[in-house]
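*Asks:* missing the sequence, but the structure's below:
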């Protein structure tokens, strides 16, 4: 079988986009859109992907000259949809640790205009330990601050050398946060007022919201797909047809549309001065529902989102939490929110997408903080009752993080499979500080009350002490005990609506 590089030639274009992150989502969302914009609206720009973590997997991409196939499959308006496209918008993949000088050389490029990122919710953080002399600094904002300072000096502060940042991390005001931390590093490193002014005046920091379900590489189906395609592709990226990119800016929207002509290419991109509605709806309904049921479904022996939707116990739990807790905690037109929620459930049930639950569990605690904690707090405030499905989710997460042998940002857990065979091993992936906390906690105690109290009082996880939420600690402790005594699936089946047990 021929290789994909024999099927399609690469296309040489100016590198206009530096992309921090080489994962499945960016490749099937941003890079896919830029590929279409190159074809249909004359963008004429390529991407260089930067691996922001030390682990070097660049050969996987560069051996295929960064060519790969996107496979979009789903149901739209009651009809099956399948779209296959070879993406040629990526020039190369660079690891900024093993090829630091090559990576940093792009700071001198006059063609570079955009910086796009997806370093997960845990990526846009401030780390005081990072230094200007690091090669590179550990945190993503520090990397960007160092990169921008080199660019500022190379172009002598020319405003035309400013860059447009469109982060895709799922945190509120992601662009504003990135800019804040860059300027904080500037202060730490004493880079000067002129540099700060250049960052403020020459660079544009957009906030953005992304929406597409991307399971990524179809492990089990890959050989069959390659046979069907007629070429070998080790980077196949599978996604649903639906996509939405909301980009918020205080700048000139029309000018940005012209420079980044995604809408012109027919893509579902919304430019706005206020993305609050779009973000709240998507993060709390789509992402929040994912985070609400994933740990419980996975520890019940299920493997994919589709299996979860098809399981009557898990599906009942999903509907109870989504329509009975998440939506009632939100502002906005109820009918519109219910309609969006129903469309989300249809997307979850896509029979062509093998969306692995374990993939959704990556950096689970930071995701739950962003996606679910606002719903929990709002529900308790509005109804003076604990949202039991969301409280159960916290209990399930506590049990999901029961593992050993923390190393390289992962540790080993064990789960019971649905067919009741021998327990199987799974990898829990998160920051080592998070993993170490849970490893030591579970070694110290199995007591539900002690587990709940330790997890909820860990403000490094949640940004606050969650035992201060009336009734929440009691509910989480109760659900942990139910999981321990009945098993996960039976415990899920026992969750009842919040109004059954109001706060005393």
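*Replies:* All right, it came through fine. What you see is a predicted model, and the numbers here were worked out from it, not measured in a lab. Numbering: from 1, shown residues only.

*Asks:* only C-alpha atoms for contact and neighbour calcs from this point on.
*Replies:* Will do.

*Asks:* residues making contact with the host helix or strand of residue 81?
*Replies:* Using DSSP states H and E, residue 81 maps to strand 79-87. Here strand 79-87 makes contact (Cα atoms under 8 Å, 6 or more residues apart in numbering) with 8, 31-32, 35, 67-75, 241.

*Asks:* Mind putting those residues into JSON lines with pLDDT?
*Replies:* Shown next, in JSON lines, are those (pLDDT from 0 to 100):
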{"residue": "8", "pLDDT": "96"}
{"residue": "31", "pLDDT": "98"}
{"residue": "32", "pLDDT": "98"}
{"residue": "35", "pLDDT": "98"}
{"residue": "67", "pLDDT": "98"}
{"residue": "68", "pLDDT": "98"}
{"residue": "69", "pLDDT": "98"}
{"residue": "70", "pLDDT": "98"}
{"residue": "71", "pLDDT": "97"}
{"residue": "72", "pLDDT": "96"}
{"residue": "73", "pLDDT": "93"}
{"residue": "74", "pLDDT": "89"}
{"residue": "75", "pLDDT": "80"}
{"residue": "241", "pLDDT": "93"}
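
*Asks:* CSV for these, including secondary structure?
*Replies:* Output for these, formatted as CSV (DSSP: H, G, I helix; E, B strand; the rest coil):
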residue, secondary structure
8, coil
31, helix
32, helix
35, helix
67, coil
68, strand
69, strand
70, strand
71, strand
72, strand
73, strand
74, strand
75, strand
241, coil
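
*Asks:* For the stretch 101-250 of the chain, which segments are assigned as strands?
*Replies:* 114-117, 164-167, 204-205, 207-211, 231-232, 237-239, 244-248 (DSSP state E, counting those that start in this stretch).

*Asks:* which one of those lies closest to residue 94?
*Replies:* Closest to residue 94 of these, according to Cα to Cα: strand 114-117, at 14.2 Å.

*Asks:* Just checking: what are the partner strands of that closest one?
*Replies:* In the sheet, strand 114-117 lines up against strand 15-20 (parallel), strand 164-167 (parallel) (DSSP bridges).

*Asks:* in the last one, what counts as buried?
*Replies:* Of all the residues in strand 164-167, those buried under the rule 16 or more other Cα atoms under 10 Å are 164-167.

*Asks:* from these, which is closest to residue 179?
*Replies:* residue 165 (9.2 Å).

*Asks:* that's a helix at residue 288, yeah?
*Replies:* Yes - secondary structure assignment places residue 288 in a helix (three-state DSSP).

*Asks:* Going by neighbour count, which of the contacts of strand 79-87 are buried?
*Replies:* Buried subset of the contacts of strand 79-87 (neighbour count, 16+ other Cα under 10 Å): 31-32, 35, 67-75, 241.

*Asks:* Pull the most distant pair out of those.
*Replies:* Greatest spatial distance among those (Cα to Cα): 67 and 75, at 26.7 Å.

*Asks:* which ones are touching residue 399?
*Replies:* Contacts of residue 399 by Cα under 8 Å, 6+ apart are residue 480.

*Asks:* how about the helices in the stretch 251-400 of the chain?
*Replies:* With DSSP state H, counting those that start in this stretch as the criterion, the stretch 251-400 of the chain has helices at 253-259, 276-281, 288-299, 305-310, 312-321, 334-348, 357-360, 364-371, 373-383, 388-400.

*Asks:* Compare those helices and give me the one nearest residue 207.
*Replies:* Judged by Cα to Cα, the one of the helices of the stretch 251-400 of the chain that comes nearest to residue 207 is helix 276-281, at 10.1 Å.

*Asks:* between the strands paired with strand 114-117, which gets nearest to residue 157?
*Replies:* Comparison of the strands paired with strand 114-117 against residue 157 by Cα to Cα identifies strand 164-167 as nearest, at 15.6 Å.

*Asks:* What lies in contact with the closest one?
*Replies:* Here strand 164-167 has contacts from 113-118, 174-175, 203-208, 247, using Cα under 8 Å, 6+ apart.

*Asks:* Go again with 7 Å.
*Replies:* Residues from elsewhere that reach strand 164-167, judged by Cα atoms under 7 Å, 6 or more residues apart in numbering: 113-118, 174-175, 203-208.

*Asks:* related to what we said a few turns ago, please point out which parts of the strand holding residue 81 sit buried.
*Replies:* Neighbour-count burial for strand 79-87 flags 86-87 (criterion: 16+ other Cα under 10 Å).

*Asks:* partners of it, with directions?
*Replies:* Strand 79-87 sits in its sheet next to strand 68-76 (antiparallel), going by DSSP bridges.

*Asks:* Next, the angle from the partner strand to helix 334-348.
*Replies:* Here the directions of strand 68-76 and helix 334-348 differ by 130 degrees (axes from the mean of the first three to the mean of the last three Cα atoms, to 10 degrees).

*Asks:* what's the spacing between strand 68-76 and its chain's center?
*Replies:* 19 Å (Cα atoms, centre = their mean, to the nearest Å).

*Asks:* before we move on, what about stretch 343-350?
*Replies:* On Cα atoms, centre = their mean, the centre of stretch 343-350 falls 18 Å from the chain's centre.

*Asks:* can you give me the mean pLDDT across that stretch?
*Replies:* What stretch 343-350 shows for mean pLDDT is 90.

*Asks:* and it, which residues are buried?
*Replies:* Neighbour counts over stretch 343-350 (16+ other Cα under 10 Å) mark 344-345, 347-350 as buried.

*Asks:* again, but for stretch 16-30
*Replies:* Neighbour-count burial for stretch 16-30, with 16+ other Cα under 10 Å as criterion, is recorded at 16-22, 24-30.

*Asks:* Make sure residue 414 is actually in contact with residue 427.
*Replies:* No - Residue 414 lies out of contact with residue 427 (Cα atoms under 7 Å); the separation is 8.6 Å.

*Asks:* Put together CSV for the buried residues of strand 164-167, with distance to residue 331 on each row.
*Replies:* Compiled in CSV, those are given as follows (distance: Cα to Cα, whole Å):
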residue, distance to residue 331
164, 32
165, 29
166, 27
167, 26
